[in-house]
Structures are given as C-alpha cells and as structure tokens.
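>>> Provided below for reference: sequence and predicted model.
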Amino acid sequence: MKPFFFSGKLYSSEFQKHFETEHSVAEIKPLLSDPDRLQLTIDGVSDVSWFRQKQKEFLEKIGVKIQPNQPKLKVH
C-alpha cells in the first residue's frame, strides 16, 4: 500500500478535537505483533500515538506541564 501525503485537520475521538498538520504521511501497514491485521500509521507511528503526541504538544504550547508517566506502585 502506497503512502498518502496530506495536510489538513484530523479528528480525534479520544480528545474530541481536531488536530492540524501541514505535511504528514499516512499508511496502512501490517501490525508487527500480528501481520494478519492492519493499522493506520501517521508519520511513521500508530494513529493513536500520533494523536497523543499532538495533544501533548498542544498542552505544552498553552503552558500545561506534562509529567512523564511514572510506574504505579502496587499496594498490598
């Protein structure tokens, strides 16, 4: 499947907002963990990761500090 170069807005149902891009590449690729299944990638990463990165960039742009994910401690 050939890469598709595009610009415009993409909607994320996870964040319920549009994210804009000027130069991106979309591809349908086999999943590494299951080659019989396909996934959408944008700029070389999964669509989910792409949207999460765009949300992080947006929050940082408006001054919201993002804490890196820290492992959760198990309480017994």
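That came in fine, so what should we check first? Numbers count the residues shown, from 1 in each chain.
>>> State whether Glu20 is indeed within a strand.
Yes: under DSSP: H, G, I helix; E, B strand; the rest coil, Glu20 falls within a strand.
>>> so how far is stretch 23-36 off the chain centroid?
On the basis of C-alpha atoms, centre = their mean, to the nearest Å, stretch 23-36 is displaced by 13 Å from the centre of the chain it belongs to.
>>> contact partners of it?
1-7, 37-44 (C-beta atoms under 8 Å, 6 or more residues apart in numbering). No exception for glycine: its C-beta is placed from N, CA and C like everyone else's.
>>> repeat that with 10 Å
Outside stretch 23-36, the residues that touch it by C-beta atoms under 10 Å, 6 or more residues apart in numbering are 1-8, 10, 37-44, 46-47, 50.
>>> now swap in stretch 37-47 and tell me
Stretch 37-47 is contacted from outside by 1, 3-4, 6, 10, 12, 19, 21, 23-33, 48-54, using C-beta under 10 Å, 6+ apart.
>>> Next, name the residue at the spatial heart of the protein.
Nearest to the geometric centre of the chain sits Trp50, at 1.7 Å (C-alpha atoms, centre = their mean).
>>> doesn't it fall inside a helix?
Yes: using three-state DSSP, the secondary structure at Trp50 is a helix.
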